[in-house]
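Student: Can you look at this prediction? I've put the sequence above it.
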Amino acid sequence: MRTSHLIYICSLGYMHQAREHTKDALAAYVNAFSTELEHVPSKVAIGALLAKQGPRFLPAARCFLSDALRVEPTNRMAWLYLGKVHRSDGRITDAADCFQAAVILEESDPVESFSSLL
């Protein structure tokens with residue numbers, strides 16, 4: 001599927017989430033994920049959204065975020081949300097490691113995309 005279509009689907013999810021329409025947001029993210037199983041932004045969005053739903057959803061959130069990091073180990077948002085999941089689950093050392101990775105990756109982000117320099 002074209003990347004622009006996946007971006008559009010995830011954008012719908014972000015809009016629903018901003019309006020606190022959690023079920024619609026989750027449906028949009030799952031739609032993007034089911035279209036392309038390796039789509040990292042949808043995995044991160046699903047994981048982050050599930051983490052906000054309470055303790056019983058933490059294992060599923062951890063699974064989506066860990067899988068996103070398997071595909072894209074330098075995704076700082078996945079590290080940040082995984083840190084929040086670990087913190088909520090009482091795994092403080094793991095949370096600190098994740099937060100540290102997120103900060104290091106944020107500091108190394110280029111101000112301008114490298115592809116725009118070509």
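Tutor: Received, thanks.
Student: distance of the residue nearest to the spatial centre of the chain from Tyr8?
Tutor: Centroid check for the chain by CA atoms, centre = their mean gives Val44 as the closest residue, at 1.6 Å. Remark: distance between Val44 and Tyr8 (CB to CB, to the nearest Å) = 17 Å. From N, CA and C alone the C-beta is placed, and that goes for glycine too.
Student: What ranges in this protein fall below the confidence cut-off?
Tutor: Flagging of the chain using pLDDT under 70 yields the residue ranges 1-2, 110-118.
Student: cutoff 90 now
Tutor: For the chain, the stretches with pLDDT under 90 are 1-22, 24-39, 106-118.
Student: now the helices for it?
Tutor: 3-18, 22-35, 40-51, 58-71, 76-88, 92-108 (DSSP state H).
Student: most tightly surrounded among those helices?
Tutor: helix 40-51 (a mean of 24; mean count of other CB atoms under 10 Å).
Student: And that one, what does it pack against?
Tutor: Applying 3 or more CB pairs under 8 Å, 6 or more residues apart in numbering; DSSP states H and E, we find helix 40-51 packed against helix 3-18, helix 22-35, helix 58-71, helix 76-88.
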